[in-house]
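Visitor: here is a sequence with its predicted model. Questions after.
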Amino acid sequence: MPPSLNRDQFDVLTRVFFGWILLALIWRWHDGAMLSQLEAPVLGNVYKDLTFWGVELLGLPAYLTSHCWAGILLDSAMTASVLAMILLPRSVLLARLYCATILVYFIVHTTYANHHYRPIIGLLLAGVPFIFRSLDRNNFTFQAVRYYVLFVYSSAGLYKVFRGSWLNLDQMTGIIENTQLELLLAHPDGWHAQLFTWLLQHEPVSWALFLLATLMELVFLIGYFTRRFDPWLFATAMSLHIGFYFTMRFFAFELIVLDLTLLPWERILQRFKTGEPIATRPTPISG
Amino acid sequence: MGNFLRNTFLGRVLQGDRRLGWFFCAFAFVQVVAQLLTAEVTPFFLFGMYSDPIHPSPTYVRMRCEVDGATITQEQLPRYAGELFFSTLYRFEQLDANENEDLFLPFIEERFGWFPEETKNALNERLAYDPKNEHAFGEWMIRYLSRSLDRPIGEVIVERETYRYEGQRPILVETKELITAHAAVAQP
């Protein structure tokens, strides 16, 4: 039976998740990546995604980015709803407002980013467990997001197996040559460029790293059968993110918030179990 | 078997909250179908993460962006602005390499070949890049870079550089200018 969190525990969880989301949004405001900051782009890409097609046919991306007030309204509503969720963690309407606005942001921003940047999905899904009034639904949906995290990693591993890339000795060399050209030209003497050059010189080591990443992704399959290893899966996810940074210079800050569902929140938030103030709780007998 | 299913996550949700349970079942079903069809339709995503076999290519393309006479790299821009700007340049380069033919029509023919011809053409027209927007694209580069670099910009030149690797070092093979934009007037 998966652990269920009580209302007080869920309030803390809400603040942790929306705190993470707030950091992600502040980063985006700082970097000029909010819709009102895109300066009315003209070249987008709706990919082969029918939802993007629908939104494009409605004219929403162009409208939100070319009408300054509309972009500011959406960006502000999204950010304000996140701030308000930290202050009022039981506000279902604010959570719903956040989910609606981040979905629109995801589609419009990804259209003009000209790159199907999936980690933003982390920001979208992270809000979903908090949109229900029923605590049972909150708990069930939080568990469902945990399964989605397992799916993200394990499907990436399974794709590598079924598509045969895990046996491709050239795989990592091809990835580095393709994605790190800019770094090798701009900072050829930096430590990161030196690392990539070394990996290009030692192809079996590069391939072994790719194989290791594949195995680490496949390990998440175990999470479908037991929760016992969840803290280890969390550590594995963090190791993958660190590894992605060193070997691909890719850091998915927005996706990491979903990895938090693998933490043993019931144990972490035990002090909130009865809702009693900490000082009145009996002192545990030690030793 | 029935007991096993009841003890699964979906089984427990169905027992505790039938509507939510069926919603999860439907979501999981569509997600599996999307995987099998390799169809990515938000919110049903595929997480390939470099799973297609990749082999070293004879040459690689790099987009070089010159702002008022100095090359700027993605790292000189804030992270998300740099990603957005340079990804857009690479898309512009792909369109140029493809003689401004976007890739939607072949996809529409493949998946929606049964649509009437006028619908397919209209859909393609609404979704595909219009080369007439090149001037506006140049103006957008000026505006976005001015904001990202936090200074006024007079001229932006975008070039496609082709490289090949020799002894793990990239060697420039060819350069082609793709677009030049000026603060007042953008010229292709």
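Guide: Cool, the structure landed.
Visitor: only C-alpha atoms from now on, for both contacts and neighbour counts.
Guide: Noted.
Visitor: then B:E159 would be within a strand, right?
Guide: Yes - looking at B:E159 with DSSP: H, G, I helix; E, B strand; the rest coil, it is inside a strand.
Visitor: do I have it right that it meets B:L178?
Guide: Yes - here B:E159 reaches B:L178: they are 5.3 Å apart, a contact under Cα atoms under 8 Å.
Visitor: and those two? Which one has more around it.
Guide: The neighbour count for B:E159 versus B:L178, taken as other Cα atoms under 10 Å in any protein chain shown, is higher for B:E159 (19 against 16).
Visitor: which residues touch that one?
Guide: Residues near B:E159 by Cα atoms under 8 Å, 6 or more residues apart in numbering or on different chains: B:63-65, B:175-179.
Visitor: what do you get for B:Y129?
Guide: Counted by Cα under 8 Å, 6+ apart, B:Y129 has contacts A:43-44, B:100-102.
Visitor: got phi/psi on it?
Guide: Main-chain dihedrals, B:Y129, degrees, to the nearest 10: phi -70, psi 140.
Visitor: hang on, the earlier thing: can you redo the contacts of B:E159 as CSV with secondary structure, pLDDT and distance to chain A?
Guide: Formatted as CSV, those follow (DSSP: H, G, I helix; E, B strand; the rest coil; pLDDT from 0 to 100; distance: Cα to the nearest Cα, whole Å):
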residue, secondary structure, pLDDT, distance to chain A
B:M63, strand, 96, 9
B:R64, strand, 96, 9
B:C65, strand, 97, 12
B:T175, strand, 97, 15
B:K176, strand, 96, 17
B:E177, strand, 96, 18
B:L178, strand, 96, 15
B:I179, strand, 96, 14
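Visitor: filter these to the buried ones?
Guide: B:63-65, B:178-179 (16 or more other Cα atoms under 10 Å in any protein chain shown).
Visitor: contacts only, for A:T236.
Guide: If you count contacts by Cα under 8 Å, 6+ apart, A:T236 has them with A:M216.
Visitor: which residue ranges of chain B form strands?
Guide: Per DSSP state E, chain B carries strands over the ranges B:60-67, B:70-72, B:155-166, B:169-182, B:186-187.
Visitor: which ones are touching B:N121?
Guide: Neighbouring residues of B:N121 by Cα under 8 Å, 6+ apart: B:L105.
Visitor: any idea how far A:W53 is from it?
Guide: 14 Å (Cα to Cα, to the nearest Å).
Visitor: hmm, back to that, between the contacts of B:Y129, which is closest to B:N7?
Guide: B:N7 has its nearest neighbour among these in A:G44, at 46.1 Å by Cα to Cα.
Visitor: how about the secondary structure of that closest one?
Guide: Per three-state DSSP, the secondary structure class of A:G44 is coil.
Visitor: hang on, it packs against A:H115?
Guide: No - with contact defined as Cα under 8 Å, A:G44 does not reach A:H115; the gap is 9.2 Å.
Visitor: of the two, who's got more company?
Guide: Counted by other Cα under 10 Å, A:G44 and A:H115 do not tie: A:G44 has more neighbours, with 23 against 20.
Visitor: backbone phi and psi for that one, please?
Guide: The phi/psi pair for A:G44 (degrees, to the nearest 10) reads phi -130, psi -180.
Visitor: now do A:Q180
Guide: The phi/psi pair for A:Q180 (degrees, to the nearest 10) is phi -110, psi 10.
Visitor: show the pLDDT at it.
Guide: The confidence metric pLDDT takes the value 94 at A:Q180.
Visitor: around it, how many other residues sit close by?
Guide: A:Q180 has 17 nearby residues by other Cα under 10 Å.
Visitor: residues contacting it?
Guide: A:Q180 is in contact with A:196, A:248, counting by Cα under 8 Å, 6+ apart.
Visitor: kindly provide the distance from it to A:L195.
Guide: 11 Å.
Visitor: from what I see, A:L200 and B:P170 are in contact.
Guide: No - assessed by Cα under 8 Å, A:L200 is found out of contact with B:P170, at 11.8 Å.
Visitor: hmm, A:Y224 is touching A:V149, no?
Guide: No - using Cα under 8 Å, A:Y224 is not in contact with A:V149; the gap is 10.5 Å.
Visitor: the two: which has the busier surroundings?
Guide: Shown here are A:Y224 and A:V149; by other Cα under 10 Å, A:V149 has more neighbours (24 against 14).
Visitor: pretty sure the more buried one sits in a helix.
Guide: Yes - under three-state DSSP, A:V149 falls within a helix.
Visitor: next one: it from B:E83, what distance?
Guide: Counting by Cα to Cα - A:V149 and B:E83 are separated by 25 Å.
Visitor: which residues touch residue 52?
Guide: Since no chain was named, I'll use chain A. Contacts of A:F52 by Cα under 8 Å, 6+ apart are A:46, A:107, A:111, B:41-42.
Visitor: chain B was what I was after
Guide: B:D52 touches A:159-160, A:163-165, counting by Cα under 8 Å, 6+ apart.
Visitor: now A:P61
Guide: Counted by Cα under 8 Å, 6+ apart, A:P61 has contacts A:55, A:108, A:111.
Visitor: in chain A, where is pLDDT below threshold?
Guide: Residue ranges of chain A with pLDDT under 70: A:1-3, A:273-287.
Visitor: what's the nearest residue to B:T38 if we skip its chain neighbours?
Guide: B:L46 (7.3 Å; Cα to Cα, 6 or more residues apart in numbering or on different chains).
Visitor: again, but for A:P41
Guide: Using Cα to Cα, 6+ apart, the closest residue to A:P41 is B:W140 (5.9 Å).
Visitor: state the distance from the one you found to A:L73.
Guide: Going from B:W140 to A:L73 by Cα to Cα gives 22 Å.
Visitor: one more: B:Y60?
Guide: 41 Å.
Visitor: and the two? which has more neighbours close in?
Guide: Taking neighbours as other Cα under 10 Å, B:Y60 and A:L73 compare with B:Y60 leading, 19 against 14.
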